[in-house]
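[1] Provide a 3D model corresponding to the input given below.
(one chain, ligands or ions: 1)
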Amino acid sequence: MAYFLIGDSITLTLFVILIFAFTYYIYNLLINNVFRRIGIPGPTPIPFLGEIFNVIRKGLYKNDMDLVKKYGKIVGIYEGTSSIILLSDPDLLRNVLIKDSYAFINRRSAEGLIGPLEHGLLSLKDDHWKNARAIVSPTFSTAKLKAMYSLMDQTSDMFNDRLLEYADKQEIFNIKEISQHFALDTIGSCLFGIETNSLQNENATLVKHLKGIFTLSLANLIIIVYFISPRLARYLYTKGYSILSKNTMDYLTELLNQILNRRRQHLERRNDFIQIMVDHEEQVKQEIGTLTKTLNDKEILGQALVFLLAGYETTSTLMSFFFYVMATEPEIQEKVYQEIQQEIGDNEIKPDNINQLHYLDMVVNETLRMYPPVIRFDRVASNDYKLGDYQILKGFIISVPVYPIHHDPIVWPDPEKFIPERFSSTEKAKRHPMSFLAFGDGPRNCIGMRFALLEAKIAVVKALRVVEIQCCEKTKIPIKLNKLKVLVPKQGISLRVVRRSQ
Ligand code: HEM
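    All right, here's what the predicted structure looks like:
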């Protein structure tokens, strides 16, 4: 054995092996850098980390801004050991997301790491995704959304009650927190028939479990490990270190199974996602309709979890930034309020009235432009493909940097200024459709877009009718943004509200 050791020392031998491995790795990155070979510009990667070091230092949105500014609209980067193309060229984006979407049908997914989420729409691939999307889509049709309206109405009343409490107590509060409760209660009620009531009881067991999913402190670490070494992340997963805790998963699985069983036995009926899945099963049994497949219980749980994950942080982020804008731009708040008064007054709010609020729609879109909750989404090439002047290979990941696209000064003059009129129909018609990608685009766009916009608009319209939103001494202006995850305010958003005089 000593025969193989350098200077008879294990430590020295290991050290030399390590140096060799490291040099080989650097050589591979620098000389064999895949982007150099195909000619795509980009930074020289930091070994093992790639851009992760800069992302931790500057924040994902800022780092993306810097990369696009320095290297242009096609940039080759490494995230850990994965090579990624950051694509912000609008014509090429249209090809990838829409025209040639058949070649980019899948997203990158953390297989073997996310448990039941693997069966959810965000991660499913190819025909599994197509089949699930076709079954799930009716949940978000105009008719179904209208049917869910009364449930949204109830949660937005609870949201209003909280605001009025703060107004009466003259208490400063974190709008992010109560928007999160609102988003959770709305998804729970409209999609699963679960009354989470987190707006009234933040400590209920279910709420604690659900909130645990979104407190991503350990998950953040695991995600970073995943980027550096997917194999190591998968190994850790088998040892119980996961994005989602086993306790939470067991609790949610049990709860969902109970709901499914009650619906299958016709013990209750509601206009929600679970009901649509159960009705679909019965239609398939009776051979009604064109879809012949159903989702099994695991797949239904997967969709349910994805709705929670994809809809909770995003919608509450949109609402928080909307209220922040109301507080910091009082003239815009007054215009939104006047429009609500003119179109709805004190009458009951209906989905059709909400659609008449054109100025509100522009303000919501401008909020999503300035503060897009999802700052990156991606596609994986399923074939070799000609991306503009570059030949890319099957398996390449195209990542869409939404923040720099939404803050491009050529497309959006004075991009840091909040100007709702950018979204008037005349201004919209002048722009490339790929300049605004808050909900992605193409066949794999956000399935919950209309649900999210409807719930957020109902809540803000109801709120603005009764309270005026104001800054307080704790409101941070300009706002500090979190560095990782979705684009969220770093320390929440502190505001105050006062009752509007009758
Ligand atoms: C303001 C709120 C929201 C924003 C900004 C948002 C944004 C996005 C974005 C950017 C994507 C990726 C699209 C793409 O790859 O082209 C996405 C996908 C998705 N979103 Fe949303 N989302 C929001 C709310 C919701 C809600 C409320 C739900 C469900 C109730 C939801 C469910 C999903 C699902 C399931 C996908 C994956 C779709 C698929 O792969 O077929 N989202 N969302």
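
[2] near the ligand at all, the helix or strand encompassing Asp153?
    Element membership of Asp153, judged by DSSP states H and E, is helix 142-169. No: Helix 142-169 is not in contact with the ligand by CB under 6 Å from any ligand atom; minimum separation 10.6 Å. C-beta: built from backbone N, CA, C; applies to glycine.

[3] so how far is the following helix or strand past that helix from its chain's centroid?
    Where DSSP H and E defines the elements, the next helix or strand beyond helix 142-169 is strand 173-174. Mean-position distance between strand 173-174 and its chain equals 23 Å (CA atoms, centre = their mean, to the nearest Å).

[4] which strands and helices lie in contact with strand 173-174?
    Counting contacts by 3 or more CB pairs under 8 Å, 6 or more residues apart in numbering; DSSP states H and E, strand 173-174 is packed against strand 494-499.

[5] okay, now the sheet partners of the strand it packs on, with direction.
    strand 173-174 (antiparallel), strand 467-470 (antiparallel) (DSSP bridges).

[6] I'd like these as CSV, with mean pLDDT, distance to the ligand and mean neighbour count appended.
    Listed next are the strands paired with strand 494-499 as CSV, based on pLDDT from 0 to 100; distance: least, CB to the nearest ligand atom, whole Å; neighbours: other CB atoms under 10 Å:
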stretch, mean pLDDT, distance to the ligand, mean neighbour count
strand 173-174, 96, 19, 18
strand 467-470, 97, 19, 19
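
[7] residue numbers of the stretch 51-200 of the chain in contact with the ligand?
    Leu121, Leu122, Arg133, Ile187.

[8] what about the stretch 51-200 of the chain, any weak spots by pLDDT?
    110-115 (pLDDT under 70).

[9] hang on, the earlier thing: if you rank the residues of the stretch 51-200 of the chain next to the ligand by neighbours, which is first?
    Comparing those by number of neighbours (other CB atoms under 10 Å), Ile187 comes first, having 28 neighbours.

[10] nearest spatial neighbour of that residue, skipping sequence neighbours?
    Spatially, and ignoring its direct neighbours in sequence, Ile187 is nearest to Gly311 (5.1 Å; CB to CB, 6 or more residues apart in numbering).

[11] name the helix or strand for the one you found, please.
    Secondary structure assignment for Gly311, by DSSP H and E: helix 297-328.

[12] now, among the residues of the stretch 51-200 of the chain next to the ligand, which is nearest to Lys394?
    Nearest to Lys394 among these, counting by CB to CB, is Leu122 at 21.6 Å.

[13] give the contact list for the closest one.
    Arg107, Ser109, Val306, Leu309, Ala310 (CB atoms under 8 Å, 6 or more residues apart in numbering).

[14] may I have the phi/psi pair for it?
    phi -60, psi -30 (degrees, to the nearest 10).

[15] how close does it sit to Ala143?
    25 Å (CB to CB, to the nearest Å).

[16] got it, and Asn63?
    In terms of CB to CB, Asn63 sits 43 Å off from Ala143.

[17] quick one on the thing from earlier: now the helix holding Asp153 against strand 494-499, angle please.
    90 degrees (axes from the mean of the first three to the mean of the last three CA atoms, to 10 degrees).

[18] apart from its chain neighbours, what residue comes closest to Ser88?
    Lys73 (4.6 Å).

[19] is it correct that the one you found is in contact with Leu87?
    Yes: the pair Lys73 and Leu87 qualifies as a contact (CB atoms under 8 Å) at a distance of 7.0 Å.

[20] between these two, which has more neighbouring residues?
    Leu87 (25 against 18).

[21] OK, contacts around that one?
    Lys73, Ile74, Leu93, Val96, Leu387, Ile398, Ser399, Val400, Pro401.

[22] tell me who's in contact with the fourth one.
    So the one you mean is Val96. Neighbouring residues of Val96 by CB under 8 Å, 6+ apart: Leu87, Phe104, Arg379, Leu387, Ile398.

[23] can you check the second one too?
    Contact partners of Ile74, counting by CB under 8 Å, 6+ apart, are Ile40, Pro41, Ile85, Leu86, Leu87, Ser88, Asp89, Leu92, Leu387, Gly388, Tyr390.

[24] one more time with 6 Å
    By CB atoms under 6 Å, 6 or more residues apart in numbering, the contact set of Ile74 is Ile40, Leu87.

[25] then the third one?
    The neighbours of Leu93, taking CB under 6 Å, 6+ apart as the test, are Leu87, Met434.

[26] phi, psi for it please.
    Here the main-chain torsion angles of Leu93 (degrees, to the nearest 10) amount to phi -60, psi -40.

[27] in the helix or strand following the helix holding Gly311, what counts as buried?
    The element immediately downstream of helix 297-328 (helix or strand, assigned by DSSP H and E) is helix 330-343. The neighbour-count check on helix 330-343 (16 or more other CB atoms under 10 Å) flags Ile332, Gln333, Lys335, Val336, Tyr337, Glu339, Ile340, Glu343 as buried.

[28] check the offset of helix 330-343 from the chain's centre.
    With CA atoms, centre = their mean as the basis, helix 330-343 stands 29 Å off its chain's centre.

[29] and it, what's its mean pLDDT?
    The pLDDT scores in helix 330-343 average 97.

[30] quick thing: my sequence starts at 45, can you match it?
    I'll keep to 45 as the first residue from here, and by that count the last item is helix 374-387.

[31] now the angle between helix 341-372 and that helix, please.
    Using the same axes, to 10 degrees, the inter-axis angle of helix 374-387 relative to helix 341-372 is 110 degrees.

[32] who does Glu123 bridge with?
    Here Glu123, judged by DSSP bridges, has bridge partners Gly94, Ser126.

[33] would you mind measuring from the residue positioned nearest the centre of the chain to Gly355?
    Centroid-nearest residue in the chain: Val418, 4.5 Å away (criterion: CA atoms, centre = their mean). From Val418 over to Gly355 the distance is 11 Å, taken as CB to CB.

[34] quick one on the thing from earlier: who does the helix holding Gly355 touch, helix- and strand-wise?
    Helix 341-372 is packed against helix 219-231, helix 290-308, helix 402-414, helix 493-510, strand 511-514, with contacts defined by 3 or more CB pairs under 6 Å, 6 or more residues apart in numbering; DSSP states H and E.

[35] give me the buried positions along that helix.
    343-372.

[36] just the residues you listed that are near the ligand?
    Among the buried residues of helix 341-372, proximity to the ligand is found for Val350, Phe351, Ala354, Gly355, Thr358, Thr359, Leu362 (CB under 6 Å from any ligand atom).

[37] save these as a markdown table, and put in pLDDT and distance to Asn397 too.
    Formatted as a markdown table, these follow (pLDDT from 0 to 100; distance: CB to CB, whole Å):
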| residue | pLDDT | distance to Asn397 |
| --- | --- | --- |
| Val350 | 87 | 31 |
| Phe351 | 89 | 26 |
| Ala354 | 84 | 27 |
| Gly355 | 86 | 23 |
| Thr358 | 91 | 24 |
| Thr359 | 95 | 20 |
| Leu362 | 96 | 20 |
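
[38] ok, so of those, who is nearest Arg413?
    Leu362 (11.3 Å).

[39] skipping adjacent residues, who's closest to the closest one in space?
    In space, Leu362 is closest to Ala500, 5.5 Å off (CB to CB, 6+ apart).

[40] state the phi and psi torsions of Arg177.
    Dihedral pair for Arg177: phi -60, psi -40, per degrees, to the nearest 10.
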